[in-house]
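Peer 1: Provided below are the primary sequence and the corresponding predicted coordinates.
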Amino acid sequence: MGNNASVDFDAIIIGGGLSGLSAAYTLACAGKDVLLLERGDYCGSKNVTGGRIYLNPIRDYFPDLWENAPFERYIAFEELCVTTAERAITVKYSGQELDQKPYQSYSLLRGKFDKWFAKQAEKKGAAIVNKSRVDDLLFDNGKVVGVKTGGEELRANVIIASDGVLSFAAERAGLRRPFQQHYYAVGMKEVIELNREIIESRFNLEGDQGTARLFMGDATGGKFGGGFLYTNKDSISLGLVVGINALTEGTSVSTPVLLERFKQNPPLRCLIKDGKTVEYSAHLIPEGGLNMMGRLYGDGILVAGDAAGFSMNIGVTVRGMEYAMATGYWAAKAVMRALEDEDYSANKLSIYEKMLNESFVMKDFNNFKHALNALDNSNLFTIYPELAGRIMRDLYEIPAGQKEKLFTTLKKHISLKTLFGAIKDFKRMMKI
C-alpha cells in the first residue's frame, strides 16, 4: 500500500463528517488506499449541524451521488420572520426556479445522510473504522507522517484533518489559530417529530416540497444570532445560533432556556404544536470566515471543513455543508497530485489552497469577508424589528375614529435620528 514500504495508507482522514467523507469518497473513487477514523458509533452519530444543503455549487463534484441520496424535502419556499415580544412579520418567497428540477437545496438529517454517505465511500473502497479516537499525530523531522489511535501507530503519506470546529489535529500540527470567542457561535437544535400530513398542512406543502424559515430579532432575545426551521418528511429541524460574545454580554441566559423561549413564540408555537422532541444537540459553529482561518496545509497534513473554519452566516442564508464537501473534495485532489509526484511537503500540498482559491469556496469567503462585522450590530436584533413591528401595527389598525394617512403613519415612527442611524447601518451592510 502507498508509495513507501513504511506507509500503511495513501491518506488517513480524521473525522467522519461531510468533509472527511467527501475526501474518502473522492480518493476511493480514484483507487487510492484511504482510511477514515470516526470516533462516533457511526458516521453521523455526532453530526448535529443545521439541516440544509445547497447542491448547485457541488453538484458536479459528486455527479453519481445525488440521485439516491436520502434527502428529506427540497426547499421550495424561503421565509424570513422578524419577531418582537408582541408581534411578528414573515416574508415568504416562492419562485419557479425553486420548484423545478434540479432542485437547488434540500433539508436533511445528518445522522441518516452521513451514515448513507459512509456506505457509498466504503463501496468505492474506502476503509472506515468507527469508535476510533485519534490520540495524537506522528511526526518525523517536523513532518506529519501518521496518527496514534487505540495504542496503535498508523502511517500515511498525508493526513486530512476533518475533526470538527476545535480541531485537535490542526492544533497539534500548529495550523490552527488560538481560540477567539468573537469568531464562534453556539448552535442549538431540536428535531421535532410530526406527522407528515400535519407538516404539509401547516406549511401548505405538496409532495416533497419543503420550507426553510430564518428568524431574527426577539428569537434570540435581541442578541446577535438567529433562528432556523427546516421541514423534513415527518419532522422539523428547529434551532438557534447565537454568538458566544452575545451570550456572555449583558443579561446572561442559558442556551436551553433561550431555545425553549424561542419555541413559545406565537408564530412558531402553532407550527410545532403536539410535536415530540426526538433529538436535542448543541455545538460550536465557526463564523469568523477568513479572519479566523489558520493555515490550510503543512508538511504531510491538510485541514478541511469546520476544522478549517468553512462555515458562513450572511443573514439570509446559513451555509456550511457544501463548503465541507467541497473542501474535502479538493483536499483529496491535492493528495492525488502529491501522490503523483511522491512529494508530501507543505510546498507541494499548498496546491490545495490554490485549488480552493480558484473554486467557489474562497471566492465566496472573500466576497463575504465583512459579514460578521456587518451583522454584529445590536440594532438589527432590537431597534429595527421593534420599529418594523410598530409600523405594521399602525398601518393595519383601523381605529374607532379617522385613520391617519399612510405617510403620516410612517413619518410618526421614522424620525431624522432614526433615518440617519439607518443610513449608517445600511452603509455597513453594503459590505456584504
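Peer 2: Happy to help now that I have it.
Peer 1: Check the gap between V303 and A85 for me.
Peer 2: Applying C-beta to C-beta, to the nearest Å, the value for V303 to A85 is 42 Å. The way it works is simple: take the backbone N, C-alpha and C, and place the C-beta from them, glycine included.
Peer 1: between those two, who's got more neighbours?
Peer 2: Using other C-beta atoms under 10 Å, the more surrounded residue of V303 and A85 is V303, with 31 against 12.
Peer 1: quick one, what contacts the more buried one?
Peer 2: Listed by C-beta atoms under 8 Å, 6 or more residues apart in numbering, the contact set of V303 reads 160-162, 167, 169-170, 175-176, 294-297.
Peer 1: Report the beta-bridge partner residues of it.
Peer 2: A161 (DSSP bridges).
Peer 1: State the distance from it to G328.
Peer 2: 11 Å.
Peer 1: overlap in contacts of these two?
Peer 2: Counting by C-beta under 8 Å, 6+ apart, the shared contacts of V303 and G328 are 160, 162.
Peer 1: Quick check, pLDDT for G50.
Peer 2: Note on G50: pLDDT of 60.
Peer 1: Any regions of the stretch 201-350 of the chain where pLDDT drops low?
Peer 2: Counting by pLDDT under 70, the stretch 201-350 of the chain shows low-confidence ranges at 250-252, 316.
Peer 1: Show me where it has its helices.
Peer 2: Per DSSP state H, counting those that start in this stretch, the stretch 201-350 of the chain carries helices over the ranges 244-248, 255-263, 266-269, 321-341, 346-349.
Peer 1: what packs against the fourth one?
Peer 2: Based on contacts counted as 3 or more C-beta pairs under 8 Å, 6 or more residues apart in numbering; DSSP states H and E, the elements that helix 321-341 packs against are strand 9-14, helix 18-29, strand 52-54, strand 152-161, strand 301-303, helix 346-349, helix 351-358, helix 360-367.
Peer 1: now swap in the first one and tell me
Peer 2: Of the remaining helices and strands, those touching helix 244-248 by 3+ C-beta pairs under 8 Å, 6+ apart are strand 184-193.
Peer 1: tell me the angle of the strand it packs on relative to helix 255-263?
Peer 2: Relative orientation of strand 184-193 and helix 255-263, computed by axes from the mean of the first three to the mean of the last three C-alpha atoms, to 10 degrees: 60 degrees.
Peer 1: how about strand 184-193: buried residues?
Peer 2: 184-192 (16 or more other C-beta atoms under 10 Å).
Peer 1: Likewise for stretch 323-339?
Peer 2: Buried residues in stretch 323-339 (16+ other C-beta under 10 Å): 323-336, 338-339.
Peer 1: now swap in stretch 20-31 and tell me
Peer 2: For stretch 20-31, burial by neighbour count (16+ other C-beta under 10 Å) applies to 20-30.
Peer 1: got it, and stretch 308-318?
Peer 2: 308-315, 318.
Peer 1: same thing with stretch 207-217?
Peer 2: Buried, per 16+ other C-beta under 10 Å, within stretch 207-217: 209-217.
Peer 1: and of the contacts of V303, the nearest to K119?
Peer 2: Nearest to K119, judged by C-beta to C-beta, of the contacts of V303 is S162 at 17.8 Å.
Peer 1: and that closest one, how many neighbours?
Peer 2: For S162, the neighbour count with other C-beta under 10 Å is 34.
Peer 1: give the contact list for the closest residue to it other than its chain neighbours.
Peer 2: The shortest distance from S162 to any non-neighbouring residue, by C-beta to C-beta, 6 or more residues apart in numbering, is to G20 (3.5 Å). Residues near G20 by C-beta under 8 Å, 6+ apart: 13-14, 36, 38, 160, 162-163, 304-305, 328.
Peer 1: Could you report the distance from the residue nearest in space to the middle of the chain to G51?
Peer 2: With distances taken as C-alpha atoms, centre = their mean, G320 lies nearest the centre of the chain, 3.1 Å away. Taking C-beta to C-beta as the measure, G320 falls 11 Å from G51.
Peer 1: Any idea which of the helices of the stretch 201-350 of the chain gets closest to E79?
Peer 2: helix 266-269 (10.3 Å).
Peer 1: What is that closest one packed up against?
Peer 2: Against helix 266-269 (3+ C-beta pairs under 8 Å, 6+ apart) you get strand 74-83, strand 88-94.
Peer 1: Could you report the neighbour count for the residue lying closest to A308 once chain neighbours are set aside?
Peer 2: Once flanking residues are discounted, A308 sits nearest to L296: 5.7 Å by C-beta to C-beta, 6+ apart. Around L296 there are 26 other residues, counting by other C-beta under 10 Å.
Peer 1: Show the backbone phi and psi for L296.
Peer 2: Reported as degrees, to the nearest 10, the phi and psi values for L296 are phi -90, psi -10.
Peer 1: ok, it - contacts?
Peer 2: 175, 302-303, 308, 352-353, 356.
Peer 1: And it, how close does it get to F365?
Peer 2: Going from L296 to F365 by C-beta to C-beta gives 12 Å.
Peer 1: How about residues contacting the strand or helix carrying L395?
Peer 2: Assigned by DSSP states H and E, L395 falls within helix 383-396. Residues from elsewhere that reach helix 383-396 (C-beta under 8 Å, 6+ apart): 82-84, 86-89, 216-218, 404, 406, 409-410, 412-414, 418, 421-422.
Peer 1: Of these, grab the buried ones for ChimeraX.
Peer 2: To isolate the buried ones among the contacts of helix 383-396 in ChimeraX, judged by 16+ other C-beta under 10 Å, type:
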select :82,83,84,87,88,89,216,217,218,409
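Peer 1: Identify those among the contacts of helix 383-396 that sit within strands.
Peer 2: Cross-referencing the contacts of helix 383-396 against strands under DSSP state E gives 82-83, 88-89, 216-217.
Peer 1: of those, closest to A69?
Peer 2: Using C-beta to C-beta, the ones in strands among the contacts of helix 383-396 come closest to A69 at M216, 30.4 Å.
Peer 1: Name the residues linked to the closest one by a beta bridge.
Peer 2: V82.
Peer 1: Wait, it touches G226, no?
Peer 2: Yes: with contacts counted by C-beta atoms under 8 Å, M216 reaches G226, the gap being 4.8 Å.
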